[in-house]
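Q: Provided below for reference: sequence and predicted model.
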Amino acid sequence: MPEQTAILDDGGLRLLRLLVSRLASVKPNDPRTYISYKDVHDALALQQEGPTFGESLKHQGLNSLADWSAKTGKPAITGLIIDKSSWMPGDGYFKLFSRKADDFHWWRSEIEKSKLFQWEPYLSGESAVTESVGGRHWSEEELRASVSAYLKMQQLDRSGTSFTKKGYYEDLGRRFGRTAKSFEYRMQNISYVMSLMGRDWLSGLKPAKNVGANVAAQIEQLIAELEGKPVVPVVAFEIAVREDVKKKMLPLPTGSHNPKVVITSIAQYQRDASVKAWVLRIL
């Protein structure tokens, strides 16, 4: 059976830390002790990026944490996040774990498990944690094949040639022993990297932020390599800016009067992400 891979991105990790910090005061049978979607936004200093706080949180860590929990067998801790108008988590919470929306017993048992689970090993380390049922991370070969397929589809799309994205996902899945869905998610990560590079992304593959800075930078490198263009690294910088902007306290940065110069086929000054984040915050 193909291994499933889940990526806990920076947003998912921050959300996990917040939820774990609240477990001591949570009473499984009393949703009033849980946390609302809006309260999560306030606690993590997130901006609302969607019509509702629930939709906004999905692409700011919730989907990443829920997917990671489901695929790696962790307690469904995202059930702590509720809509205070109904005192319930969103329907997507139950659907992800193949449960009916009124399975209250299962929901509360997952909160009980969350209170007993040893989360500490997962709260530190690299900003993006990749874990799979079989313990297998994404290799450079898999990333390269994904980027190559993405660029090929983009060329076909621009030329008006008919093709099916699903066929590419399934071919990659058979080649590397993963699900087609995992490659679709990875393609959405590539769209996100494209957007950070100021490039058009492939229609139908909405950018997904659930990718760590290191993997995103690797994808950026592969795009340039496969296109035969010089690498002008911007992705890791832009991700760092976005993370800094989210911080509740963002002091005036000192910056650098003598920034380092990165030499590729051109000279590029190494910028300070905290400076750009501070400027964006005050605008």
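A: Happy to help now that I have it.
Q: Show me the helices in the stretch 101-250 of the chain, by range?
A: Chain-ordered helices for the stretch 101-250 of the chain, with DSSP state H, counting those that start in this stretch as the definition, fall at 104-116, 140-159, 165-176, 180-196, 213-227, 235-246.
Q: Low-confidence regions, the stretch 51-200 of the chain specifically.
A: Using pLDDT under 70 as the threshold, the predicted model of the stretch 51-200 of the chain has low-confidence ranges 124-137.
Q: Find the nearest non-adjacent residue to Val211, please.
A: The shortest distance from Val211 to any residue other than its chain neighbours is 4.1 Å, reached at Asn189 (Cβ to Cβ, 6 or more residues apart in numbering). C-beta here means a position set from N, CA and C on the backbone, and glycine is covered the same way.
Q: give me every residue that touches that neighbour.
A: The contact partners of Asn189, by Cβ atoms under 8 Å, 6 or more residues apart in numbering, come to 207-208, 210-211, 215-216, 219.
Q: Now tabulate those residues in a markdown table and tack on distance to Met88.
A: Putting those into a markdown table (distance: Cβ to Cβ, whole Å) gives the following:
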| residue | distance to Met88 |
| --- | --- |
| Pro207 | 29 |
| Ala208 | 26 |
| Asn210 | 24 |
| Val211 | 30 |
| Val215 | 34 |
| Ala216 | 34 |
| Ile219 | 37 |
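Q: Make sure Ala180 is actually in contact with Gly173.
A: Yes: applying Cβ atoms under 8 Å, one finds Ala180 in contact with Gly173, separated by 4.4 Å.
Q: hang on, the earlier thing: measure the residue nearest to Val211 to His41 for me?
A: When Cβ to Cβ, to the nearest Å is applied, the distance between Asn189 and His41 equals 24 Å.
Q: State the mean pLDDT of the strand or helix carrying Ser21.
A: Per DSSP states H and E, Ser21 falls inside helix 10-22. Over the span of helix 10-22, the pLDDT mean works out to 91.
Q: Numbering from 4 from now on, please.
A: Sure, I'll start numbering at 4, so the last one becomes helix 13-25.
Q: number of nearby residues for Glu58?
A: The number of residues packed around Glu58, counting by other Cβ atoms under 10 Å, is 14.
Q: ignore the last one, Val43
A: 24.
Q: How about Pro236?
A: Applying other Cβ under 10 Å, I find that Pro236 has 16 neighbouring residues.
Q: Quick check: it touching Glu223?
A: Yes: using Cβ under 8 Å, Pro236 is in contact with Glu223, at 6.5 Å.
Q: Find residues that contact each of these two.
A: With contacts defined as Cβ under 8 Å, 6+ apart, no residue is adjacent to both Pro236 and Glu223.
Q: returning to that earlier point: same question for the helix holding Ser24: list its buried residues.
A: Within helix 13-25, the residues that qualify as buried are 13-19, 21-23, counting by 16 or more other Cβ atoms under 10 Å.
Q: out of the residues you listed, which one sits closest to Arg111?
A: Sorting these by how near they are to Arg111, with Cβ to Cβ, puts Leu22 at the top with 15.4 Å.
Q: Give me the distance between that closest one and Gly53.
A: Leu22 sits 20 Å away from Gly53, going by Cβ to Cβ.
Q: What of Leu119?
A: Spatial separation of Leu119 from Gly53 under the definition Cβ to Cβ is 33 Å.
Q: With neighbour numbers in mind, choose between the two.
A: Gly53 (12 against 8).
Q: does that one count as helix, strand or coil?
A: In terms of secondary structure, Gly53 is coil; the call rests on DSSP: H, G, I helix; E, B strand; the rest coil.
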